[in-house]
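> Okay, here's the prediction I keep looking at, along with the sequence it came from:
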Amino acid sequence: MSVLVIDIGTSGLRAAVVRPDGDVTVMHYRAMPPSSPFPGLVEFDAMAMVSTAIEVAKLALAEAGPVQAVGITNQRASTIVWDRATGVPIAPGLGWQDLRTVIQCIMAKAEHGLALAPNQSATKYGWSLDTFDAERARDLCLGTVDSWIAWTLSGGELHVTDPSNAAVTGLTAPGAHGWADLPLEALRIAPVSLPRIVDSCGPIGPATALEGAPPIVALVGDQQASLLGQGCVRPGLA
């Protein structure tokens, strides 16, 4: 089964077609470094990111031909908040390296006993909501990069993430298969705004933005994807 893999990295993204024997036959890459408007701040243009991802995906498909499935891998914990109806982000994308929420993390510990770090998504979501929807009146979607790419590829039909990405948000219950009540309440995050947590591998939904609408069958964070890429698939191999 030939698979189109879309890989969103810290400073660029690529689309590659992988054949059943593991051979990478086509790859297209675009540099897309984040911006730092002030020391400690790391932002990216989420609309530019997803449009470029679709561009390189279409180039790879045009060169390699149809594929049977699509996989998405990404830098974890970078966050996007967008309007559910329009699909337009309401805030800058915040890179996982962004440190603007250090104070919020300290306050979450002091007031609620939450051990959150600024490189997690939790307080990044909180900052975006406090800044652009303080009354929590809008119908918004929150997600990491995998959620954002899957949402756009599916034409807004899929708002999903996988355990490897959910686990670094700081918002999950033990096991990363559901969302925890305490951090959501502390940061005033509505559960309905968060993505559905699905298995890292398995049919998720069609990528209707691509020719032939191949099914999205994998979402996985970059480190976990790298383990698989190196053949680390059994306990002890690491």
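In hand now; what should we look at?

> ok, and the closest non-adjacent residue to Leu189?
That one is not Leu; residue 189 is Ile. Once flanking residues are discounted, Ile189 sits nearest to Tyr125: 5.8 Å by Cβ to Cβ, 6 or more residues apart in numbering. Quick note: C-beta positions are derived from backbone N, CA and C, even for glycine.

> Go ahead and list the helix or strand containing the one you found.
Assigned by DSSP states H and E, Tyr125 belongs to helix 122-132.

> same for that helix, what does it pack against?
strand 79-83, strand 93-94, helix 102-112, helix 181-187 (3 or more Cβ pairs under 8 Å, 6 or more residues apart in numbering; DSSP states H and E).

> make it 10 Å
strand 79-83, strand 93-94, helix 102-112, strand 140-144, helix 181-187 (3 or more Cβ pairs under 10 Å, 6 or more residues apart in numbering; DSSP states H and E).

> neighbours around the residue nearest to Ile189, how many?
Counted with other Cβ atoms under 10 Å, residues neighbouring Tyr125 total 30.

> Over to Ala150?
26.

> what kind of secondary structure is the nearest residue to it once chain neighbours are set aside in?
Nearest residue to Ala150, sequence neighbours excluded (Cβ to Cβ, 6+ apart): Leu158, at 4.8 Å. For Leu158, the assignment made with DSSP: H, G, I helix; E, B strand; the rest coil gives coil.

> okay, Leu158: pLDDT?
Looking at Leu158, its pLDDT reads 98.

> Quick one: residues contacting the residue nearest the centre of the chain.
Geometric centre of the chain, nearest residue: Val145, 2.2 Å, by Cα atoms, centre = their mean. Applying Cβ atoms under 10 Å, 6 or more residues apart in numbering, one finds that Val145 lies in contact with 8-9, 13, 44, 46, 49-50, 53, 72-80, 93, 95-96, 161, 165, 219, 221-222.
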